[in-house]
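1. structure here, sequence nowhere to be found:
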């Protein structure tokens, strides 16, 4: 799909995840099985396009969760089921299917791209994953149903920055539950806001984790999605084409990789 | 094959091309040389255009909702530096379906400069005679030596070139390098530094006009924006603050010095590390159109004096 | 410009050495795309009883307009009508606009936005030198040794000139910058004077004091070419640097060093709105002229006074007499001889009383004394102070006609809207900041039925019973060249041949440097004045000074530039700049919404914390309808030039809900 022309698809269902995140289920009209962690360019005709990682691929339907942060996303939040959107993709490399133990670390809206990996793992009957997830408040936790379901299948730890009366879990940023990581030889897949990734990496390195085992999913302004428009260039990489998932040691020296 | 075309046959030669193709060529308006569609061969002017004709593959502004009928087009009179720019950009753009379609309908006839220009340094990147071009024209006495690789440029108005002409053409780059000394770009991709104070120095002067991007024959970055009934693809500029600013305000290059660093390091380092060629054809237009005269040659010389 | 009359392919900087030497700013590269925007007005619009706009044909629209105008003229007399010309339109169109007001409707109530930017320049420089324009040329900037930039953010607002200054500074020439905001040029200046807003006159007077005190003035020049030096030196005596320092907040030593450098080198002074938009705007301009006269820094190559004009044709539309107090060629309306020339040419009687200035027009409309308005290519709802008042006065009108290329915030209140052509679609001339008259030629087909502004005006005049008979813009220029001495002998043929001429033009030759042999008014006159505290200044109730300005990526009220995606991306929203310490004291976070309250209004806007502004000062760009800065600025006028004091408004900060 290396073209700027998007295909038209229909929103099957929309629901609220949190006060500022909505999930959209759309028909996959492209027919390419995406890798976990890949992204699509979703478009509202006449408004613009946004790069969004898919959260789940099931039965020819794609799940996207979109946080209201700007101009185009605010228009997404006004859409209802039956509305038409444009779609092209999938783009990027996505998470590599790892044969061994994998620790997944996510923050906020970073859970959906991990969810696509988890769902793939579940399909493969794999249990050797450990999810650590942090959100700002209990109300900001996305995929609450899925998290419950996953808890029965593998280890899941959830934390919030600020608790409330309904919350009986851990309170503190995601790095405060890193002591629950038991697999020091695992691969680490991290996605979330850049500050969170920065501190997570710092903490993991302190724990003696090898740089080559840490993988990050970067976020940049990805306009074309396949490496020609130039917006997501950092160092010698184009995030949309060579990423969004990068091994930490390859990008750690680029001053713009974290800002 | 190498031929000779007498100068007085050039208009007719172009007229013959016009019978079958669209010809996008250099024209003179006042003192300015620009690219435009030619109506007849006499309109052609052998000169270096102010901007490269890169808008033929990356439109400076185009509504993607409106579809053109692409036609077979000849880009005539393009200077070697600009053609080199097309070839360099191809390394990136070949990923795009539309680009490949457009590119397959294009033929290039480049004119080799007979004198070095004051801004350029094309000898650094293998110019001005190129190894790969549809047709190359080199000024010689009362006409042009023409090296043809693409059959659309064949014509019975040309005669076979003499041995002397062939020799002149083959030795031309060497001869030209004496007039325009190539800069040393050896290992520059490794020598360039992210933390160089140079970037701050340049940022003091730069007024963020974007001219270096827009005039560059190798800058391919573009932006897409949408409004009612329109979806606009247009040239973008990495010197602008909004180039990397994401929804919500996060920006990986918030200050001008980091954006200037991006421009020069992308040109001279990043692209080379991935593709093995520099993202620069040595045309010197970024210096020529820069209001505050930031010179890419000075950046190269800083690392390789 | 590469086009085929249907669309634009590309914008290309011309390599002309004398103006832009092959460079453009971002608005040149990107900003002109608006001409192809699909929201361009294509057919005339008439408002129906319910307040909705309906498309109409030209005859109906013109008939509607003229019958309303005539009715109001008959009922309330000529001075109940007001006309606004535009600095974005051509010389020819502005000339016809003021002719329409004066000949057809017998009123001097015609004005344009030069009133709110450079009216004080016209008044100030005419009384000092005799010509209200840049005395030198852009090319000549390179010949100077010192650049004194005051009240102008040159690199952002006039980037091509700004970059010339940067290039010369890099070559080792001297740069002095005086501005409350630490602008880009200030960072590379040899001397940076950070004076308080509204204290320019004290600063300039004090520089003159130092020059006289140190006997650095050009005695020969003063004796031979100037007058009124004695009175000047008497008044200047009150401004020794210690006194001035208390007023301006600038160290005395800096004032001295700047003055000495200015006097001893070939110097050009650049200024813009920071000087003119004050109640003492005229005096500020005169003070700049005084410095030039004192040191002989005028009339020679590499010297001069350079007011930087904001719009493509502010100079030209002022030359054309689209001003309430001047006839074309800067003849004052009360000057009988000047009037006679036009009375004979136009075969009518002209009113001798100066008309209403731009700001006054709206005040009178609010009071119900102005009943009808005719606005060409302007958007006063955003560009004029106290926008709420402007809106009320527009609503108060019995009839409003607007001709524009887009549906503007102002056009919303119109009864009839005429779609006009942009620069890309018509023939005409513009006069740029260095007095250069340049020919523009159409290269696009106009959208829909849009007509050029002069055609529309001619239709109005003719339906009022006149028989104007211009077939094209060049015939209007022929009339102008007969009547306006600066433009004498200007015709399209010689403009095309030369690529533009600086007025005054004699037999197809322009004048690069004004006042070389003698001043236009004879001798140069020192016009000294005392500094007065701005009407609104820091006080207990309003502890901040709000000053307004522009950003690099937007132009004026954004009607054109906000339709260009890339420019809008760069500067998408309004903000107010506040010093980090002030922000800390008030507990304001970056990007937090804060409320700006003044005596004239209040609004909410995002705070941008930056040391660009000193403590106690707020800066806000005025391009944005979301938070129009001019909703809160004051409209105190310079009594002579009638320019509002947009640069100094007392303000305080509150919280937003």
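-> Structure received. Here the structure is a predicted model, which is why all the values come from computation and not from measurement. Numbering: from 1, shown residues only, chains lettered A, B, ... in the order given.
2. C-alpha only now, for contacts and for neighbours.
-> Fine.
3. quick one: residues contacting residue C:506.
-> Residue C:506 sits next to C:488, C:489 when contact means Cα atoms under 8 Å, 6 or more residues apart in numbering or on different chains.
4. for the stretch 151-300 of chain B, which residues are neighbours of chain A?
-> Counting by Cα under 8 Å from any Cα of the partner chain, the positions of the stretch 151-300 of chain B adjacent to chain A are B:194, B:220-231, B:238, B:243-248, B:251-253, B:266, B:269-271, B:273-274.
5. let's see 7 Å
-> B:220-223, B:225-230, B:243-244, B:246-248, B:252-253, B:270-271, B:273-274 (Cα under 7 Å from any Cα of the partner chain).
6. tell me the domain boundaries of chain C?
-> In terms of domains, chain C is parsed into C:41-115+C:312-425+C:445-473, C:119-308, C:544-655 (source: automatic domain parsing).
7. so how far is the last one off the chain centroid?
-> Yep, that's domain C:544-655 we're talking about. On the basis of Cα atoms, centre = their mean, to the nearest Å, domain C:544-655 sits 19 Å off its chain's mean C-alpha point.
8. what about that domain and chain A, touching?
-> No. Shown here: domain C:544-655 not in contact with chain A (Cα under 7 Å from any Cα), separated by at least 11.1 Å.
9. now do the strands in the stretch 151-300 of chain B.
-> Under the criterion DSSP state E, counting those that start in this stretch, strands of the stretch 151-300 of chain B are mapped to B:159-160, B:222-227, B:230-235.
10. save these as TSV, and put in mean pLDDT too.
-> Shown next, in TSV, are the strands of the stretch 151-300 of chain B (pLDDT from 0 to 100):
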stretch	mean pLDDT
strand B:159-160	94
strand B:222-227	92
strand B:230-235	90
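11. between those strands, which one is nearest to residue B:44?
-> strand B:159-160 (21.3 Å; Cα to Cα).
12. how is chain A divided into domains?
-> If you go by automatic domain parsing, chain A breaks into A:7-91, A:102-217.
13. quick one: the helices in chain A?
-> A:71-76, A:111-123, A:144-151, A:194-206, A:239-242, A:248-251 (DSSP state H).
14. which ones are touching residue A:127?
-> Going by Cα atoms under 7 Å, 6 or more residues apart in numbering or on different chains, residue A:127 touches A:153, A:154.
15. at 8 Å instead, please
-> A:121, A:153, A:154.
16. next: residue B:49.
-> For residue B:49, the contact set (Cα under 8 Å, 6+ apart) comprises B:26, B:32, B:33, B:34, B:35, B:78.
17. where is pLDDT lowest across those?
-> The lowest pLDDT within the contacts of residue B:49 belongs to residue B:32, with 84.
18. what's around it, how many residues?
-> Neighbouring residues of residue B:32 were enumerated by other Cα atoms under 10 Å in any protein chain shown; the total is 17.
19. how about the nearest residue to residue B:304, chain neighbours excluded?
-> Nearest non-adjacent residue to residue B:304, counting by Cα to Cα, 6 or more residues apart in numbering or on different chains: residue B:184, 6.0 Å away.
20. any idea how far that neighbour lies from chain A?
-> According to Cα to the nearest Cα, to the nearest Å, residue B:184 and chain A sit 21 Å apart.
21. retrieve the pLDDT associated with that residue.
-> 93.
22. would you agree it is in contact with residue B:122?
-> No. Counting by Cα atoms under 8 Å, residue B:122 is not a contact partner of residue B:184; they are 12.0 Å apart.
23. comparing those two, which shows the higher neighbour count?
-> residue B:122 (27 against 15).
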